[in-house]
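[1] my questions concern the predicted model and sequence given below.
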2 protein chains.
Amino acid sequence: MIGTPFLYERLAEELVAAIAAGRLPDGARLPSIRQLCADHGISPATAFQTYATLEARGLVEVRPRSGYYVRTRQASRPLPPPVARPRPGAQKVSVSELIFELLGSVQDSAVVPLGSAFPPPELFPFEALARSGARAMRQLKPAQITGALVRGDEPLRELLHRRHAQQGVALDPGELVITHGAMEALNLCLQACTRPGDVVVVESPTFYAALQTIERLNLRALEVATDPQEGVDLAALEALLQQRRVAACWFMPNFQNPLGALMPLAKKKALVALLARHGIPLVEDDVYGELHGGAHRPLPAKAFDQAGLVLHCSSFSKCLAPGYRVGWAAAGRYTAQVQRLKMMSTLATSLPAQRAVADYLAHGGYDRHLRQLRQALSAQRQRAARQIARHFPAGTRVTHPEGGYFLWLELPAGVDAMALSQDALAQGISTAPGLLFSADQRFVHHLRLNIGRPDDVRVDEALRTLGGLARQRLAGP
Amino acid sequence: MIGTPFLYERLAEELVAAIAAGRLPDGARLPSIRQLCADHGISPATAFQTYATLEARGLVEVRPRSGYYVRTRQASRPLPPPVARPRPGAQKVSVSELIFELLGSVQDSAVVPLGSAFPPPELFPFEALARSGARAMRQLKPAQITGALVRGDEPLRELLHRRHAQQGVALDPGELVITHGAMEALNLCLQACTRPGDVVVVESPTFYAALQTIERLNLRALEVATDPQEGVDLAALEALLQQRRVAACWFMPNFQNPLGALMPLAKKKALVALLARHGIPLVEDDVYGELHGGAHRPLPAKAFDQAGLVLHCSSFSKCLAPGYRVGWAAAGRYTAQVQRLKMMSTLATSLPAQRAVADYLAHGGYDRHLRQLRQALSAQRQRAARQIARHFPAGTRVTHPEGGYFLWLELPAGVDAMALSQDALAQGISTAPGLLFSADQRFVHHLRLNIGRPDDVRVDEALRTLGGLARQRLAGP
């Protein structure tokens, strides 16, 4: 599934080189699409892709009804937020009320869903998946129904196994369990390696679903300082592990939700080694790994797991098939326990969705879809960052993630993010206030924004409105 | 979805009347298929259906290469087992090891799956479902993806609501939550109305999944005497409720697994009233209700629920779409809590399966499929009961359920059912030993047999083999 560069990629590289060498200076008008086609003997689609690639990297801007221009002098880019230092001590968790309110608002189609956790559904190949599903289900033999129990349908398990291997992750045979989305995988994995009352280390801030699972399983959360660019602070983690008994960690090394942090390769390796020394399992949530903006998919921590202590969880919900609820766990030495918990709670994963995804992976051009998706999201991250730089109050800090579709904002200390979130909802804009992302509700000036929806003036307008509301809050009543 | 009788049903009634009046005596040869077609101007398919209906009722038998014969003198029919009186006291539960072994053997296609809990997959319209799924998924609008969160996809919820109403069960709007099969519904419902350490009353014997859920949620099981024909002994239940604090009941009033008991209507009403007086929720597992052998689908206990205390759970896994994992809960006053637990554990139910089922319900002829399915299972119950009467040791008792596809056997006291089950597995036959169906592992001479596979000589042979093995065990070494 890994190939040579596409024509548009080669052409984009040539233009990058020309910009870097100054042959195309800041503000220079680039050839029109028609001209580019004529110069290089390419199709308009390829020409569009070429400029879209440069736009995604922030090197080109589109001026409506005028054309494409080189843009190397960046608008003054806001700083990323500093590393948050959590209070010491494990917390009983209770964030669910807030989360249910947020999820309620996300389902209202009249609201601009900057608070949503879901990728923009317009970006996914639902028609092709439906064709795949129909073809695969017609070929289903009745005897395969019970065969797909518990571990999942064999064709999908084989494809996933192969894909992991191609990406540098060697899984044990039998280690994969197909689940109803990553959410089920994460729930089962955390339950498999903990007992009620145990302490689980999470990032700070952390994805609220981790807090919900910890709450549901009667565990306690212990937050560890987390760098917005590089993820968990390993020195801080080691200090925690030396101080107290920890049952497990739940981390997202690739494009952490909400920070977007991407843990560097060497740091992932060190993390796995550190936890192995302490014999502590790592529940790894890798649902955003495929949504990278770079040349290669970043490896998950699982790639370095030799002790069977990494319980790797992921899904197709963010990168191919939202709503299908197809995820998986590769749970190392906890595999049998994960299978049993699965059997006792949902028994097996829905077959039509598994078959549709497997057929699409085998025949549908998954990697082509991923390239387009990554490019659309990269462009959106750039576009939204520009809007925020323009419209938010001075002193606002914002992350610059290299993947995914979230930005994490730290507003000036005078802005109560919860109140701002309510102002915004009254204007038809949902946001995810920072309170959701911590067991002790520390992130009171913070917002997570889903900016993934491509080329949507509603998102631009919503960011402008939100910036204005933040200024009003700062100015006071 | 309810219509006038079919031609074959009318013709079958005429023949029943003739048999009852003695115009067709025991042993009389019935007209050949060809003759029946000529006499009544009907198609061969209708003629076959007519005789199949009579066969299902045990009034006609087929003699290979000879024809159809009236059969009114029954082979001496074994007695049903007596009501089991459980020991007093709530039990911590631990039956999982046995169950995982059983489920492992069921997945081996070389084994005759008399131990399986699943209906025979050959009886289901997988092709039509695949077409339905493809059609419905192609029409899916991206915005509907997030709309289907938590409660389930709207078209399916509407169809289910209407179907319940047609069957005499008025649900509140908003009460339905679509789940990954009944298993998830039951798990969520039991968790919604209990806390760790609570006591849950279950039937004796009870479905092992209830015991697994009780084990997983750290609850305790209290068994109540259960009549093989009529279900839970209400006097015994009332005595329990007066003696101790009970958090919930988990019962299957329609075709209880493993007994096949069908609670009469008035008794269901009395059960709901009794529990309402005590303010105790009833988790109702109704997955076999559609598999009745009578003229009408028996009402669930939910039909009598006025206090919102019945958490009704069911699915399409036994009656339409095994492997699709589409079930539902109508959880009364616990609905919000069920939704939240769902959101925290699997988030939402897989869309392709929901859409496929909804489209099939709207266009596919669900009731025609159900008629055929019921008839096939009725015929199988008769056929298997005859085999058991012939081949099992004297003193063997067996249930005569009016629905579903399980028979529950009580073997003579000299036969250790666990040992017999192992003998059988060595001969390529799986069975579900009685030990699985009780928290205190009391049913040591009992087996649950899945006899649903239609017209399978392998089932006949397996029952003959099993009877022989039981005789050997009885005779001793």
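    That came through fine.
[2] which secondary structure elements does the strand or helix carrying residue A:367 sit against?
    Here residue A:367, judged by DSSP states H and E, is contained in helix A:366-391. Helices and strands touching helix A:366-391, by 3 or more Cβ pairs under 8 Å, 6 or more residues apart in numbering or on different chains; DSSP states H and E, are helix A:44-56, strand A:397-398, strand A:406-410, helix A:457-475. Yep, even glycine has a C-beta here, placed from its N, CA and C like the rest.
[3] next, count neighbours for the nearest residue to residue A:54 once chain neighbours are set aside.
    If the residues on either side of it in the chain are set aside, residue A:54 comes closest to residue A:60, at 3.9 Å by Cβ to Cβ, 6 or more residues apart in numbering or on different chains. If you count neighbours by other Cβ atoms under 10 Å in any protein chain shown, residue A:60 ends up with 24.
[4] quick one: contacts for residue A:60?
    Neighbouring residues of residue A:60 by Cβ atoms under 8 Å, 6 or more residues apart in numbering or on different chains: A:30, A:51, A:54, A:68, A:69, A:70, A:71.
[5] make TSV from the helices and strands packed on helix A:366-391 and add mean neighbour count and mean pLDDT to it.
    Below are these laid out as TSV (neighbours: other Cβ atoms under 10 Å in any protein chain shown; pLDDT from 0 to 100):
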stretch	mean neighbour count	mean pLDDT
helix A:44-56	20	79
strand A:397-398	21	94
strand A:406-410	25	97
helix A:457-475	18	93
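[6] closest to residue B:312 out of those?
    Residue B:312 sits nearest to strand A:406-410 of all these, at 39.3 Å, using Cβ to Cβ.
[7] parallel or antiparallel, list what pairs with the closest one.
    Strand A:406-410 has these partner strands in its sheet, going by DSSP bridges: strand A:397-398 (antiparallel), strand A:446-450 (antiparallel).
[8] contacts for that strand, please.
    Residues from elsewhere that reach strand A:406-410 (Cβ under 8 Å, 6+ apart): A:81-82, A:205, A:228, A:257-260, A:381, A:384-385, A:388, A:392, A:396-399, A:401, A:445-451.
[9] again with stretch A:129-145
    Residues from elsewhere that reach stretch A:129-145, judged by Cβ under 8 Å, 6+ apart: A:153-155, A:320-321, A:324, A:351-353, A:355-360, A:363-364, B:109, B:118, B:120-122, B:124, B:126-127, B:129-131, B:133-134, B:137-138, B:140, B:322-323, B:352, B:356.
[10] returning to what we had before: buried stuff in the helix holding residue A:367?
    The neighbour-count criterion (16 or more other Cβ atoms under 10 Å in any protein chain shown) identifies A:366, A:369-389, A:391 as the buried residues of helix A:366-391.
[11] and the residue of the stretch 51-200 of chain A found nearest chain B, what element?
    Among the residues of the stretch 51-200 of chain A, residue A:134 lies closest to chain B, at 2.9 Å counting by Cβ to the nearest Cβ. Taking DSSP H and E as the criterion, residue A:134 maps to helix A:126-138.
[12] could you pull up the mean pLDDT of that helix?
    Averaged across helix A:126-138, pLDDT comes to 87.
[13] how close does the residue nearest to residue A:411 when sequence neighbours are not counted sit to chain B?
    What sits nearest to residue A:411 in space, not counting adjacent residues and going by Cβ to Cβ, 6+ apart, is residue A:445, at 4.7 Å. Distance from residue A:445 to chain B, counting by Cβ to the nearest Cβ, to the nearest Å: 27 Å.
[14] do the same with residue A:211
    10 Å.
[15] in a helix, that residue, correct?
    Yes: the assignment for residue A:211 (DSSP: H, G, I helix; E, B strand; the rest coil) places it in a helix.
[16] could I get the full set of strands for the stretch 101-250 of chain A?
    Shown for the stretch 101-250 of chain A, the strands assigned by DSSP state E, counting those that start in this stretch span residues A:112-113, A:176-179, A:199-204, A:220-227, A:231-232, A:248-251.
[17] can you map out the helices along the stretch 251-400 of chain A?
    Ranges of helices within the stretch 251-400 of chain A are A:265-278, A:335-345, A:351-363, A:366-391, based on DSSP state H, counting those that start in this stretch.
[18] just send those back as a markdown table, with mean pLDDT too.
    Converted to a markdown table, the helices of the stretch 251-400 of chain A look like this (pLDDT from 0 to 100):
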| stretch | mean pLDDT |
| --- | --- |
| helix A:265-278 | 97 |
| helix A:335-345 | 92 |
| helix A:351-363 | 94 |
| helix A:366-391 | 94 |
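[19] could you dump the ones you listed into JSON lines and include distance to residue B:162?
    As requested, the helices of the stretch 251-400 of chain A are exported to JSON lines (distance: least, Cβ to Cβ, whole Å):
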{"stretch": "helix A:265-278", "distance to residue B:162": "53"}
{"stretch": "helix A:335-345", "distance to residue B:162": "29"}
{"stretch": "helix A:351-363", "distance to residue B:162": "23"}
{"stretch": "helix A:366-391", "distance to residue B:162": "38"}
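[20] quick one: low-confidence parts of chain A?
    By pLDDT under 70, the low-scoring segments of chain A are A:1-5, A:56-58, A:64, A:73-77, A:92-96, A:102-103, A:105-107, A:146-149, A:477.
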